[in-house]
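S.K.: Quick one, structure for this:
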Amino acid sequence: MNGPRCNIVREDDVGVGKYGRTTAFTYGEINAIPVIIDPKSDGGVYTAFSESYGLTVKDCGCSMSFVAYEGSAVERGDCGSILMHTPSGDWLGLIFGESMANTALFTPIDLVLQDIEKVTGREVIEPVFRP
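M.R.: Sure, this is the predicted structure:
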């Protein structure tokens, strides 16, 4: 989350926003506590999926979440929305779900871009990522 204009320090309250298909504009703050996904924790769809692909917590790793200032942060249909830093407009992440605490879960955008490069074998040139 080190976009060229963000300069986010972990202790800062990071204002974010997204536009989702279902909830439209939602604004909030990033929850500073990383979220660890256990693909076998629900006993249902995710468990069946993780077992069929042999996924573990290590495969799913960490994600982050943001809490809406009011209302629900995300609802069905909002996945795939880009999470943006509200002061600068820099991309911070890709929304993929909701936690039981009603926070929006997202993957940091640098990991998304790295995965695109790995899968395609091509360099992502826009948006710019500065490691």
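S.K.: Model confidence for residue 36, exactly?
M.R.: For residue 36, the model assigns a pLDDT of 64.
S.K.: cool, and residue 40?
M.R.: pLDDT, residue 40: 60.
S.K.: just the CA coordinates of the helix or strand hosting residue 67, formatted as PDB?
M.R.: Here residue 67 sits within strand 62-68, counting by DSSP states H and E. Taking C-alpha atoms only, strand 62-68 is exported to PDB below (Å, rounded to 0.1, in the frame of the first residue of the first chain):
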ATOM      1  CA  CYS A  62      -3.400 -12.800   4.900                       C
ATOM      2  CA  SER A  63      -5.800 -10.200   3.700                       C
ATOM      3  CA  MET A  64      -7.000  -7.000   5.200                       C
ATOM      4  CA  SER A  65     -10.300  -5.500   5.900                       C
ATOM      5  CA  PHE A  66     -12.000  -2.100   6.100                       C
ATOM      6  CA  VAL A  67     -14.900  -0.900   8.300                       C
ATOM      7  CA  ALA A  68     -17.500   1.300   6.900                       C
END
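S.K.: Mind checking the pLDDT average for it?
M.R.: 75.
S.K.: which neighbours does the very next helix or strand once past that strand have in its sheet, and in what orientation?
M.R.: Using DSSP H and E, the next helix or strand after strand 62-68 towards the C-terminus is strand 82-85. Strand 82-85 pairs in its sheet with strand 15-20 (antiparallel), strand 91-98 (antiparallel), by DSSP bridges.
S.K.: Could you dump these into CSV with mean pLDDT, distance to residue 66 and mean neighbour count added?
M.R.: (C-beta placed from N, C-alpha, C; glycine too.) Shown next, in CSV, are the strands paired with strand 82-85 (pLDDT from 0 to 100; distance: least, CB to CB, whole Å; neighbours: other CB atoms under 10 Å):
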stretch, mean pLDDT, distance to residue 66, mean neighbour count
strand 15-20, 89, 5, 20
strand 91-98, 86, 8, 21
